[in-house]
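Visitor: Okay, here's the prediction I keep looking at, along with the sequence it came from:
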Amino acid sequence: MSKAFTLSNMTCAITTVSITSIAGAAGLDRTSQPSAQFSENGTQAYISAFHVTPKISGVEEDGKIIDSVSKDYTVYSYGAKTDVNDTVSVGVYYEQPFGSDVYFEGENTFVDYSDKNNIKSSEAIVRSDNFTGLVNVKLGDNFQVYGGPVLQKLEGSLQVHGNPPKTPKEAKESKLGVLNSYELDIIKNTEYGYMVGAAYSKPEIGLKAAITYRSAIDHDMTYAESMPLVKTPALQPLNLKDSQTAKAGLELPQSVNIDFQTGLNRTTLLTARARWVPWSKFAIVPPLLNENGKFLSKVVKNKVIDQAPVLAYSDDSYQIELGVAKRLSPQLAVSGNIGWDSGAGNPVSPLGPIEGYYSVGVGAKYNITPNWAISGGAKYLMLGDAEGQLSASKTNVGKFEGNNAYVVGLKLSYQAK
């Protein structure tokens with residue numbers, strides 16, 4: 001077999017497409033983990049970015065149009081690794097694994113358009129930063145294990161705006177209820193987790209199989225909340241708090257990734273990837289919203305609920321991706337893949353109203369020099385139809401159908417044996 005056929009030559013051809021494939025996945029997922037190339041030999045470094053353009057709209061049950069839900073966003077990552085000796089390698093990586101950019105547009109429940117000169121839209125933002133340090137140890141010629149600590153920073157904010165009710169009847173029939181004018185700031189917090197994995201490889205045939213586990217990370221977040229509508233005349237006698245700053249837990253879920261590849265011939269590589277994330281155990285439960293929501297549900301609606309989350313999911317998510325990479329020349333390789341994401345349940349929150357997706361992507365990698373390369377990729381995601389439902393009150397919102405997203409990515413990489 002040609003010496004030019006190595007894991008590094010072939011897998012670099014699909015790197016950009018691989019990272020863009022997870023953008024827009026279930027829950028708050030935006031990337032997988034930084035271990036895809038970690039088990040290769042030599043010194044490596046990279047910087048990459050992908051830009052996502054979601055097209056998500058919906059129709060409420062009363063016919064109001066939700067013109068747009070999500071804004072464009074860009075995600076960055078970078079990393080480097082080197083061999084300490086023939087047995088041990090070390091690396092450091094940065095990524096933005098979880099996030100949300102929600103912004104409602106149109107004359108609908110989630111936009112206060114009562115004053116045309118001061119339109120207020122509901123919006124939600126989640127930001128995360130992960131710094132991972134990994135150590136890789138070879139166990140013979142084919143097996144290796146790796147692992148290390150993860151430092152994670154997390155923050156977010158939410159503002160809910162709708163037309164203010166003018167009469168008691170409008171207030172009673174409002175979908176948002178006391179969520180109207182609700183504001184939440186989740187103050188940035190730093191916590192720690194870990195990542196571990198194992199890999200088996202046979203470079204002479206392009207074979208590599210790896211399984212990687214990333215731990216859940218439990219944050220002790222500070223929630224600053226405001227619920228002004230509980231002080232309206234109708235609810236004033238209940239003597240509920242309208243603002244509060246308090247701490248509560250927020251756990252970002254664990255994940256398992258399985259990566260596989262094998263050479264089909266001297267210039268072609270088959271790839272497969274699977275991912276599992278238990279989003280069904282995830283919920284953002286701000287203390288004031290939870291306390292007031294449970295009380296009002298019991299007193300006003302005569303219903304007993306366990307909690308009133310601002311965001312929660314009902315199912316675990318699964319992702320599968322299959323791809324083929326082809327080396328066209330010593331400098332140029334191309335790739336393509338198809339993918340499926342199960343989503344995290346349906347109905348879903350209006351803060352992320354999709355139920356998984358089907359995807360198709362293409363990519364290319366060009367070796368500028370023997371050490372430097374540039375990669376590019378693009379992906380189309382056909383987003384799954386979903387029913388919108390407010391997580392706190394379980395109030396149905398409407399349908400989000402026929403939506404899609406476009407992803408483009410670039411990566412600059414360095415590799416030396």
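Guide: That came in fine, so what should we check first?

Visitor: Please count neighbours and contacts with C-alpha atoms only from this point.
Guide: Will do.

Visitor: Helices along the stretch 251-400 of the chain, start to end?
Guide: Using DSSP state H, counting those that start in this stretch, the helices of the stretch 251-400 of the chain run over 287-299.

Visitor: Show me where it has its strands.
Guide: 255-265, 268-277, 283-284, 311-312, 317-327, 332-341, 357-367, 372-383, 386-389, 396-400 (DSSP state E, counting those that start in this stretch).

Visitor: can I get those in a markdown table with mean neighbour count?
Guide: Below are these laid out as a markdown table (neighbours: other C-alpha atoms under 10 Å):
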| stretch | mean neighbour count |
| --- | --- |
| strand 255-265 | 19 |
| strand 268-277 | 20 |
| strand 283-284 | 20 |
| strand 311-312 | 21 |
| strand 317-327 | 21 |
| strand 332-341 | 22 |
| strand 357-367 | 22 |
| strand 372-383 | 22 |
| strand 386-389 | 24 |
| strand 396-400 | 22 |
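
Visitor: Leu412: which of the ones you listed is closest?
Guide: For the strands of the stretch 251-400 of the chain, the distance to Leu412 is smallest for strand 372-383, at 4.7 Å, taking C-alpha to C-alpha.

Visitor: same question for that closest one, mean pLDDT?
Guide: For strand 372-383, the mean per-residue pLDDT is 92.

Visitor: Report pLDDT for Arg330.
Guide: No, residue 330 isn't Arg; it's Pro. 87.

Visitor: now Lys281
Guide: Taking Lys281 on its own, its pLDDT is 91.

Visitor: Could you report the distance from it to Val137?
Guide: 33 Å (C-alpha to C-alpha, to the nearest Å).

Visitor: Looking at the two, which is more packed in?
Guide: Higher neighbour count among Lys281 and Val137: Val137, with 19 against 14, using other C-alpha atoms under 10 Å.

Visitor: thought the more buried one was touching Val196?
Guide: No - taking contacts as C-alpha atoms under 8 Å, Val137 lies outside contact range of Val196: 11.6 Å.

Visitor: which residues are common contacts for the two?
Guide: Shared contacts of Val137 and Val196, defined by C-alpha atoms under 8 Å, 6 or more residues apart in numbering, comprise 145-146.

Visitor: ok, longest strand in this structure?
Guide: Looking across the chain with DSSP state E, the single longest strand is strand 183-202.

Visitor: could you say what helices and strands that one packs with?
Guide: Of the remaining helices and strands, those touching strand 183-202 by 3 or more C-alpha pairs under 8 Å, 6 or more residues apart in numbering; DSSP states H and E are strand 143-159, strand 207-214, strand 217-226.

Visitor: mind listing what it pairs with, with the direction of each?
Guide: Taking DSSP bridges as the criterion, strand 183-202 forms sheet pairs with strand 143-159 (antiparallel), strand 207-214 (antiparallel), strand 217-226 (antiparallel).

Visitor: how about those in a markdown table, adding mean pLDDT?
Guide: Formatted as a markdown table, these follow (pLDDT from 0 to 100):
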| stretch | mean pLDDT |
| --- | --- |
| strand 143-159 | 96 |
| strand 207-214 | 93 |
| strand 217-226 | 97 |
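
Visitor: and of those, who's closest to Phe50?
Guide: Of the strands paired with strand 183-202, nearest to Phe50 by C-alpha to C-alpha is strand 143-159, at 20.2 Å.

Visitor: got the buried residues for that closest one?
Guide: Using 16 or more other C-alpha atoms under 10 Å as the test for burial, strand 143-159 gives 143-159.

Visitor: Quick check: bridge partners of Tyr406?
Guide: Thr53, Tyr380.

Visitor: and it, how many neighbours?
Guide: Look at Tyr406: counted by other C-alpha under 10 Å, it has 20 neighbours.

Visitor: and the strands paired with strand 183-202 as CSV, adding distance to Asn118?
Guide: Compiled in CSV, the strands paired with strand 183-202 are given as follows (distance: least, C-alpha to C-alpha, whole Å):
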stretch, distance to Asn118
strand 143-159, 15
strand 207-214, 44
strand 217-226, 20
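
Visitor: for those, which one sits closest to Val256?
Guide: Among the strands paired with strand 183-202, strand 207-214 sits nearest to Val256 (C-alpha to C-alpha), with 4.7 Å.

Visitor: Please could you give me each C-alpha atom of that closest one, formatted as CSV?
Guide: The C-alpha coordinates for strand 207-214 follow below in CSV (Å, rounded to 0.1, in the frame of the first residue of the first chain):
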residue,chain,number,x,y,z
LEU,A,207,-8.4,1.5,10.3
LYS,A,208,-9.2,3.4,13.4
ALA,A,209,-11.9,2.9,16.0
ALA,A,210,-12.3,5.1,19.1
ILE,A,211,-14.8,5.6,21.9
THR,A,212,-14.7,8.8,24.0
TYR,A,213,-16.6,9.7,27.1
ARG,A,214,-17.1,13.3,28.4
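
Visitor: mind checking how far the residue sitting furthest away from the middle of the chain is from Lys231?
Guide: Largest separation from the mean C-alpha position in the chain: Pro237, at 41.8 Å (C-alpha atoms, centre = their mean). Using C-alpha to C-alpha, Pro237 is found at 9 Å from Lys231.

Visitor: Spatially nearest residue to Glu123, not counting backbone neighbours?
Guide: Tyr103 (4.4 Å; C-alpha to C-alpha, 6 or more residues apart in numbering).

Visitor: That neighbour against Lys71, yeah?
Guide: Yes - assessed by C-alpha under 8 Å, Tyr103 is found in contact with Lys71 at 6.2 Å.

Visitor: Compare these two and say which is more crowded by neighbours.
Guide: Tyr103 (19 against 16).

Visitor: which residues sit in contact with the more buried one?
Guide: So Tyr103 contacts 68-71, 121-124 (C-alpha under 8 Å, 6+ apart).

Visitor: Take these and keep only those in helices.
Guide: Using DSSP state H, no member of the contacts of Tyr103 falls in helices.

Visitor: gap between stretch 121-129 and the chain center?
Guide: Relative to its parent chain, stretch 121-129 has a centroid offset of 12 Å by C-alpha atoms, centre = their mean, to the nearest Å.

Visitor: So what touches that stretch?
Guide: Contacts of stretch 121-129 (C-alpha under 8 Å, 6+ apart): 94-105, 110-112, 152-162, 351.
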